[in-house]
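Chemist: build me a structure from this.
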Amino acid sequence: MAGKPSEKLLKRVPVRKRPPEIRKHSFDEVSLGYNEEEAIAEASRCLKCPSPFCVKGCPVQIEIPAFIECIKKGDFSGAIAKIKEKNSLPGICGRVCPQELQCENECVFGKRGVPIAIGALERFAADYELRKGVKLPKKAKSTGKSVAVVGSGPAGLTAAGELAKLGHDVTIFEALHLPGGVLVYGIPEFRLPKSIVKAEVEYVSRLGAKVKTSVIIGRTLTIDDLFESGYHAVFIGTGAGSPWFMRIPGENLNGIYSANEFLTRCNLMKAYVFPEYDTPVHSGKRVAVIGGGNAAMDAARTALRLGGEDVRIIYRRSRDEMPARAEEVRNAEEEGVTLELLANPTRYLGSKEGRVEQVECLKMELGSPDESGRRRPVPVKGSEYLTPIDLAIVAIGAGPNPLIAQTTDGLKVGDDERFIVDEQGKTSRDMVWAAGDIASAEGTVIHAMGNAKTAALAIHNYLTK
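Modeler: Have a look, this model is predicted:
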């Protein structure tokens, strides 16, 4: 397309959402996605750049203009086939990946208007396939080699899918009773329905990957046990499930959860369909969520749906520095969550019975940028204030579970307890690779998938050459 794009092309087709006053009382998915007419209209905005920057911004290198062109022509089956050449989990990625910071951030439309809604179009193609029936791609001939994949989150599923397509015998070992990892226990139903995760796990299984649940590697079996039982290589994608706390006075009071525990109880133990499932999770009326990332938004919006009346997110920087997706911050505010910015908890106060009743915070102001590039929060002396609460959720991040490192000789970790890996995901231990949060602090689903694809190819090359 020559010349400047028209003003009409610069405007994105909006994605429909459930109204805030309805969705804040329901765990049904908030985003309704595109219908066929909307998807074709949005796809028609694409300029088909000869050297598409959007592809360079995609960690798994999907041929974005090609699949969008298929949608534009009404060839929805061709679109999902093109996506699945590079991505086995499009229904998940189309919903939870931060496209605005990756592929969409590189779209040329972003210079004058609004980038193409690449994520929404990917979701549309994935949902179309689920309605029509999922087709399997051709697999390579069996290599006779077997690979153990530890963890069934985005990294593990990606590695398993890639290795199965390349002809290897793959077995996934999952510690919990359901596969999916953080996709199941960490991300709420209203943002990523369990049915979507289940369908994409089933797709990886149909590619040939076997799934064994309730197996804790490092306790039920060790990495050495896997090799002794005949596996030729091991991929570790166990994520970061060990929550961090602030270590401030009163943090051991009843009514204070980590985001990991709160979301796991609500997602994996089905608190979102109470009273059908009587999940033992305390749902407060006055809730403080500490942190500014996606987990904080998920926890706050979940607390709201469980009956919270005054749900606030306490974050030590300003809105501009929040690591959460802008869309999720908007959704939270629309639903009634309060952002209490430039504030940092200093202690919790409780009742005689040991239950949290108040959080004391200190006001902050922004100083010079720190190593993350964000302006550093600086305490305002003498600005302490108290807020009454009956539930606190700490969502300031998580680190890797040290169990595998502690039970595997020769597996080196860094100061942050993450595995030390090279550019191909190879660890210090022979025949062991790793990717995702266990090996990187990037922390997004799509980065975990991109690194897992790289590691899977490295494993394939090792086993075949």
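Chemist: what comes up buried for the strand of greatest length in the chain?
Modeler: Ranked by number of residues, the top strand in the chain under DSSP state E is strand 356-369. Under the neighbour-count criterion of 16 or more other Cβ atoms under 10 Å, strand 356-369 has 356-364, 366 buried. Every residue, glycine included, has its C-beta placed from N, CA and C.
Chemist: just checking, what packs against the lengthiest helix in the chain?
Modeler: Looking across the chain with DSSP state H, the single longest helix is helix 445-464. If contacts are counted by 3 or more Cβ pairs under 8 Å, 6 or more residues apart in numbering; DSSP states H and E, helix 445-464 sits against helix 90-96, helix 154-165, strand 233-236, strand 432-434.
Chemist: in TSV: the buried residues of strand 356-369, plus distance to residue 275.
Modeler: Listed next are the buried residues of strand 356-369 as TSV, based on distance: Cβ to Cβ, whole Å:
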residue	distance to residue 275
356	25
357	27
358	30
359	29
360	35
361	35
362	40
363	41
364	41
366	45
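Chemist: TSV for the helices and strands packed on helix 445-464, including mean neighbour count and distance to residue 402?
Modeler: Output for the helices and strands packed on helix 445-464, formatted as TSV (neighbours: other Cβ atoms under 10 Å; distance: least, Cβ to Cβ, whole Å):
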stretch	mean neighbour count	distance to residue 402
helix 90-96	26	27
helix 154-165	30	18
strand 233-236	28	13
strand 432-434	28	14
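Chemist: low-confidence stretches in the stretch 351-465 of the chain?
Modeler: Scanning the stretch 351-465 of the chain for pLDDT under 70 picks out nothing.
Chemist: quick one: residue 289 and residue 395 touch, right?
Modeler: Yes. Judged on Cβ atoms under 8 Å, residue 289 makes contact with residue 395 at a distance of 5.8 Å.
Chemist: identify the contacts common to the two.
Modeler: Common neighbours of residue 289 and residue 395, using Cβ atoms under 8 Å, 6 or more residues apart in numbering, are 259, 296, 299.
Chemist: show me which of those are buried.
Modeler: By 16+ other Cβ under 10 Å, these give 259, 296, 299 as buried.
Chemist: next, the second one: secondary structure please.
Modeler: Going back to what we said before, that points to residue 296. Residue 296 falls in the helix class when you classify it by DSSP: H, G, I helix; E, B strand; the rest coil.
Chemist: mind listing what the closest residue to it other than its chain neighbours touches?
Modeler: Closest residue to residue 296 in three dimensions, ignoring its sequence neighbours and counting by Cβ to Cβ, 6 or more residues apart in numbering: residue 395, at 3.9 Å. Counting by Cβ under 8 Å, 6+ apart, residue 395 makes contact with 258-259, 289-291, 293, 295-296, 299.
Chemist: farthest-apart pair in these, please.
Modeler: Greatest spacing in the contacts of residue 395, by Cβ to Cβ: 258 and 293 (13.1 Å).
Chemist: below-threshold pLDDT in this protein: ranges please.
Modeler: 1-8, 279-280.
Chemist: how far does stretch 143-162 sit from the chain's center?
Modeler: Relative to its chain's centre, stretch 143-162 lies at 18 Å (Cα atoms, centre = their mean, to the nearest Å).
Chemist: could you dump that stretch to CSV, C-alpha only?
Modeler: C-alpha atoms of stretch 143-162 as CSV (Å, rounded to 0.1, in the frame of the first residue of the first chain):
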residue,chain,number,x,y,z
THR,A,143,14.0,-40.1,16.5
GLY,A,144,13.9,-42.9,19.0
LYS,A,145,15.0,-40.4,21.7
SER,A,146,13.0,-39.5,24.8
VAL,A,147,12.8,-36.2,26.7
ALA,A,148,11.4,-35.4,30.1
VAL,A,149,9.8,-32.0,30.5
VAL,A,150,9.4,-30.8,34.1
GLY,A,151,6.5,-28.4,34.5
SER,A,152,3.4,-27.9,32.4
GLY,A,153,3.3,-24.1,32.3
PRO,A,154,3.8,-22.0,29.2
ALA,A,155,7.5,-23.0,28.9
GLY,A,156,7.0,-26.7,29.5
LEU,A,157,4.0,-26.9,27.1
THR,A,158,5.9,-25.1,24.4
ALA,A,159,9.0,-27.2,24.7
ALA,A,160,6.9,-30.4,24.8
GLY,A,161,5.0,-29.4,21.7
GLU,A,162,8.0,-28.5,19.7
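Chemist: okay, buried residues for the longest helix of the chain please.
Modeler: 445-460, 462-463.
Chemist: how about stretch 375-387?
Modeler: Of the residues in stretch 375-387, 375-377, 387 count as buried by neighbour count, 16+ other Cβ under 10 Å.
Chemist: now what about that stretch, what contacts it?
Modeler: Contacts for stretch 375-387 (Cβ under 8 Å, 6+ apart): 288, 312, 316-318, 321, 340, 342, 344, 346, 349, 358-370.
Chemist: restricting to C-alpha, output that stretch in PDB.
Modeler: The C-alpha coordinates for stretch 375-387 follow below in PDB (Å, rounded to 0.1, in the frame of the first residue of the first chain):
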ATOM      1  CA  ARG A 375      12.100   6.300  39.000                       C
ATOM      2  CA  ARG A 376      13.000   5.200  42.500                       C
ATOM      3  CA  PRO A 377      10.400   5.600  45.300                       C
ATOM      4  CA  VAL A 378      11.700   7.700  48.200                       C
ATOM      5  CA  PRO A 379      10.000   7.800  51.600                       C
ATOM      6  CA  VAL A 380       8.400  11.000  52.800                       C
ATOM      7  CA  LYS A 381       9.500  11.400  56.400                       C
ATOM      8  CA  GLY A 382       6.700  11.500  58.900                       C
ATOM      9  CA  SER A 383       3.900  10.700  56.400                       C
ATOM     10  CA  GLU A 384       2.700   7.400  58.000                       C
ATOM     11  CA  TYR A 385      -1.100   6.800  57.900                       C
ATOM     12  CA  LEU A 386      -3.400   3.900  58.800                       C
ATOM     13  CA  THR A 387      -6.000   2.100  56.700                       C
END
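Chemist: I am finished for the moment; much appreciated.
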